[in-house]
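S.K.: what follows is a predicted structure for the sequence shown.
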Amino acid sequence: MKVTRGAWIQSRAVTHALCFAAGVFFSTQSDLLQPARCRGEVRAGQPPPECPSVHAQPIDNTDAASLERRRRMATTSSQPATVASTVASTVVQPLPDCPDRFAARSVRYQHVMMDMGFLADDKIGTATDIFASMLETVGEGDAVLRSITKPSGEHVLSFVGNSGVEMTAYIWAASHAISLDVVMGADVDAVPFVFEMGAKFAVDMTTVRWKILLRTPAAAINTAYFDTSDSRKQMLEGCSHFGRRRIAQVQSTYQNIEIWETDDDGPLSPGVPMSRVLFLDGVLQSATADENVYHEHLIHPAMLAHPTGAKKVAILGGGEGASLREVLRYSTVTEAIMIELDGGVVNESKKHLQQMNNCSFGRPGYASCFEDPRTNLVLEDCVGWFKTRFNGSACQSTNSSAKFDVIIMDLLDPEFEAAGDFAKFLYSKTHLEQMACALNDDGVFVAQMGESPVQRPEGPAGNVEYTFKGEIIVRMAKQFAPHGTFLYTVYIPSYKGPWTYLVACKSAACVERWHANPAAINLAKRQRMAAGARASISFDGSSQIAIQQTPVAWQQLFCGHVKTNDKQQPASCQWLTDTSAEDGRFGAPAEAFVRGSWSKKLSPNMTRVVVAVATRPIAHDTELALYDAGAAITVAKSGFDALKAFARRYRLPEYQMLVGLLEQAGEFCPGIEGGQYYLSISSLVGLARRSRQRRRGATTAMNITADARALAGVAEWDPVRLRAARQHCTTIRAARDVAKGQSVFRGSAPRA
């Protein structure tokens, strides 16, 4: 389940906006009541200067009828209108960060606004009759319309009914346009009223701008605030939409399901289908316009990181079927078990969101992914299902055949952790342990982690509201391979912000595959997917490169707020502000802080001695190896193993020489990226490291800290080390203050 920035009630900006919204009462005279030609909103620039102000001569609001209308608006509306199915009166729960004066209160009435253009002459001429017939549908058939013609030429029809319904229509006959302003009780579904009104005027609804706002009586505006669900804000209150309609609304056993069709912010190009959007309890889940971006980045990084090709996959949630669709692209998959609590979501998605669960790309293809024989749809609570499958506990189960290669958690965002026991359990240590135990030894876990922090100018001091997510990630990483938990962020247009995903590997082979180059990823796609399956997705090797680095905002969060190792700030964060011998030395020769020379005489063991002295003072603990990190050649451990096997198998001298070079002159760093060999190519500091490793000499003023090696076996999430893997693998610091001309290093190397 996904929640957008607007729906997440603890988002700082949204919370503040809602707290202030209680004190703001929107004017009922909306700008939507002006004709489109005069508003200049149909991409035509500024409105023409000759357009009159619609409200230049407002209707007198002090007459008896208006006063009576205001009195009625301050009380609960009467019986529900018969225009549509009755729904419960909206009750908004108080926000945790809002003051106590924002107590929960029912919304009292709705404000419907429509702006219709391109009307036929006969519809303009019979507008009064049409409005009269519409009033009958809301139980106001005996009402009398008041008609006013302004000097500006617009014709105004006004009505105030006995049941709390009021209506004002502005008619511009010359422009063939009508703007409609209707107030009705909050206990009715006003959406069918809008579309029935459009049908009466025979107007193309894709050209109509409309919205439905919730209103509160003036007496209550200081003690109430409005429903801010995604479905209301985007589909009812949003003023950027032209064509949109609700194509399904179902109350399942668990939640309210809505599916809308929309063209977002204007008429689409010919042949481009309108986007369909799924809401659950008002929270936006998916939109066909960009769901492929969300689901491809959820599924493919994990599936491609699996070392041998996943065969058995579990999907927790994902009722639309889109996660299932992406999993079934892999010919290696023999079984995909999808555990979804709400069968209503699955049924409505089959009817109205076929794009999300279409598996026609396969051989054979299936119009619905749920028809693929590899699919096992389970309509149950996923937590209970896992307990049953593993006889109470996956960590104590001896049934290895029940385990999975990949587990995909597409459920509640961590934002909901504070809101309910289920979400809290999903991200608890207990549940995360169970997920890790339910995987095979080379298994992969992936989850969507909701809204992402953003890079803040204040650095680590920012993003404090996301601290709880960082703590969840730290808990999760302890269940998986060392340095094998990865975060990546993707912008999802429908969510109007960056979205975070998490992939966790149980094996070093998976960790190494995560860092594979684009060609290796593209090769894996070809090997694991049929041609038709891979041709219809955009995720590829270059996409993988774009997500391999942890976003800097998560590093800021980690260093500023996430505490590890007995509540202490992570030690690696200090490295970000350490002094380096290369600081401010742009344009200087490489490692200009030292000068080396070879001795003329050989040592007793027939090696030559190299001496390096400082060319300037070097302070204690100064970082010395940044040039070495930037210039070294790296070879993945798997690549080195393959090279060694290749050289041995075919007895190729050149390859055997290369293997020997890496073994003798290279340095192996096991802690990052699944293991890497580093080969210095032009670094005295690198030579010092190798000399110390081979015990042919000793450093005199260098401390080889080897940050990454010290943590090679530690299961933890550390975005600083992940983002600066090379630097941490090659770290060398000054062991003491070194004066200019003093020896920094004295070591030896084999005779040439």
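M.R.: Structure's in. What do you need?
S.K.: how about F201, nearest residue that isn't a chain neighbour?
M.R.: Distances taken as C-beta to C-beta, 6 or more residues apart in numbering place K123 nearest to F201, at 4.9 Å, with adjacent residues excluded. Where you see a C-beta, it was placed from the backbone N, CA and C, and this is true even at glycine.
S.K.: just confirm that neighbour is within a helix.
M.R.: Yes. Counting by DSSP: H, G, I helix; E, B strand; the rest coil, K123 is found in a helix.
S.K.: just give the number of residues close to it.
M.R.: Using other C-beta atoms under 10 Å, K123 has 16 other residues around it.
S.K.: right, and it touches M197 too?
M.R.: No. Using C-beta atoms under 8 Å, K123 is not in contact with M197; the gap is 11.4 Å.
S.K.: which intervals of the stretch 351-500 of the chain have sub-threshold pLDDT?
M.R.: Applying pLDDT under 70 to the stretch 351-500 of the chain picks out residues 416-420, 458-462.
S.K.: that one: strands as residue ranges?
M.R.: 375-378, 404-410, 439-451, 485-492, 497-505 (DSSP state E, counting those that start in this stretch).
S.K.: separation between the closest residue to N256 other than its chain neighbours and R648?
M.R.: Computed as C-beta to C-beta, 6+ apart, the closest residue to N256 that is not its neighbour in sequence is D281, at 5.3 Å. Applying C-beta to C-beta, to the nearest Å, the value for D281 to R648 is 62 Å.
S.K.: the two: who's more crowded?
M.R.: Using other C-beta under 10 Å as the criterion, D281 and R648 rank with D281 on top: 15 against 12.
S.K.: can you pull the contacts of that one?
M.R.: By C-beta atoms under 8 Å, 6 or more residues apart in numbering, the contact set of D281 is S229, Q255, N256.
S.K.: all strands in the stretch 501-650 of the chain, in order from the N-terminus.
M.R.: 594-602, 607-614, 633-636.
S.K.: can you check the pLDDT for the residue nearest to N256?
M.R.: pLDDT for D281: 90.
S.K.: also C573?
M.R.: pLDDT at C573 comes out at 85.
S.K.: now the one 4 residues further on
M.R.: At T577, the predicted lDDT confidence score is 84.
S.K.: do the same with V83
M.R.: 27.
S.K.: 362 is where my numbering starts, stick with that
M.R.: In the new count, where the first residue is 362, that last one comes out as V444.
S.K.: quick one: which of the contacts of D642 sit in helices?
M.R.: Among the contacts of D642, no residue falls in helices (DSSP state H).
S.K.: which single one of those is nearest to L1048?
M.R.: Among the contacts of D642, S590 lies closest to L1048 (C-beta to C-beta), at 63.8 Å.
S.K.: what's the spacing between the residue nearest to that closest one when sequence neighbours are not counted and Q610?
M.R.: If you skip the residues right next to it in sequence, S590 has G643 as its closest partner in space, 2.7 Å away by C-beta to C-beta, 6+ apart. Applying C-beta to C-beta, one obtains 11 Å for the distance of G643 from Q610.
S.K.: which residues do those two both contact?
M.R.: Each of N617, E619 lies in contact with both G643 and Q610 under the rule C-beta under 8 Å, 6+ apart.
S.K.: what about the helices in the stretch 412-561 of the chain?
M.R.: Secondary structure of the stretch 412-561 of the chain (DSSP state H, counting those that start in this stretch): helices located at 425-434, 482-486, 488-498, 552-561.
S.K.: for burial, what's the neighbour tally of the residue nearest to T567 when sequence neighbours are not counted?
M.R.: Distance criterion C-beta to C-beta, 6+ apart; nearest residue to T567, sequence neighbours excluded, is G604 at 3.2 Å. Per other C-beta under 10 Å, the neighbour tally for G604 reads 18.
S.K.: show the pLDDT at G604.
M.R.: Per-residue confidence (pLDDT) for G604: 76.
S.K.: check contacts around it.
M.R.: By C-beta under 8 Å, 6+ apart, the contact set of G604 is M566, T567, T568, V569, E622, T623, D624, P628, M635.
S.K.: got the contact list for S855?
M.R.: Counting by C-beta under 8 Å, 6+ apart, the residues that S855 touches are T365, V638, L645, S647, A648, A650, D651, E652, Y655.
S.K.: tell me which of these has the lowest pLDDT.
M.R.: Among the contacts of S855, T365 carries the weakest pLDDT, at 42.
S.K.: related to what we said a few turns ago, and the residue nearest to N617, how far is that from Q935?
M.R.: Plainly put, D642 is 45 Å away from Q935 if you go by C-beta to C-beta.
S.K.: repeat that for W1078.
M.R.: Per C-beta to C-beta, W1078 is found 17 Å from Q935.
S.K.: what of H844?
M.R.: Distance from H844 to Q935, by C-beta to C-beta: 18 Å.
S.K.: equivalent analysis for L677, please.
M.R.: Taking C-beta to C-beta as the measure, L677 falls 38 Å from Q935.
S.K.: these two: who's more crowded?
M.R.: Taking neighbours as other C-beta under 10 Å, L677 and Q935 compare with L677 leading, 22 against 11.
S.K.: can you count the residues close to I768?
M.R.: Residue neighbour count, defined by other C-beta under 10 Å, stands at 26 for I768.
S.K.: out of the helices of the stretch 412-561 of the chain, flag the one nearest G514.
M.R.: helix 482-486 (12.8 Å).
S.K.: quick one: buried residues of that closest one?
M.R.: K484, I485 (16 or more other C-beta atoms under 10 Å).
S.K.: as a markdown table, the contacts of D642 with neighbour count would be great.
M.R.: Formatted as a markdown table, the contacts of D642 follow (neighbours: other C-beta atoms under 10 Å):
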| residue | neighbour count |
| --- | --- |
| S590 | 23 |
| Q616 | 18 |
| N617 | 17 |
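S.K.: out of the residues you listed, which one sits closest to H922?
M.R.: S590 (29.4 Å).
S.K.: any figure for the gap between the closest one and Q612?
M.R.: With distances taken as C-beta to C-beta, S590 is found 15 Å from Q612.
S.K.: contact partners for K484?
M.R.: Each residue near K484 by C-beta under 8 Å, 6+ apart is listed here: I491, F562, A563, V564.
S.K.: the third one: what secondary structure?
M.R.: Going back to what we said before, that points to A563. Secondary structure for A563, judged by three-state DSSP, is coil.
S.K.: I'd assumed F479 was in contact with it.
M.R.: No. Distance between A563 and F479: 10.1 Å, which falls outside the contact criterion (C-beta under 8 Å).
S.K.: enumerate every residue touching S692.
M.R.: Applying C-beta under 8 Å, 6+ apart, the residues contacting S692 are R889, M890, A891, A894.
S.K.: how about E527?
M.R.: Taking C-beta under 8 Å, 6+ apart, we find E527 in contact with R430, F520, V521, V543, V544.
S.K.: between those, identify the one with the most neighbours.
M.R.: V543 (24 neighbours).
S.K.: and that one, how far from A784?
M.R.: Taken as C-beta to C-beta, the span from V543 to A784 is 39 Å.
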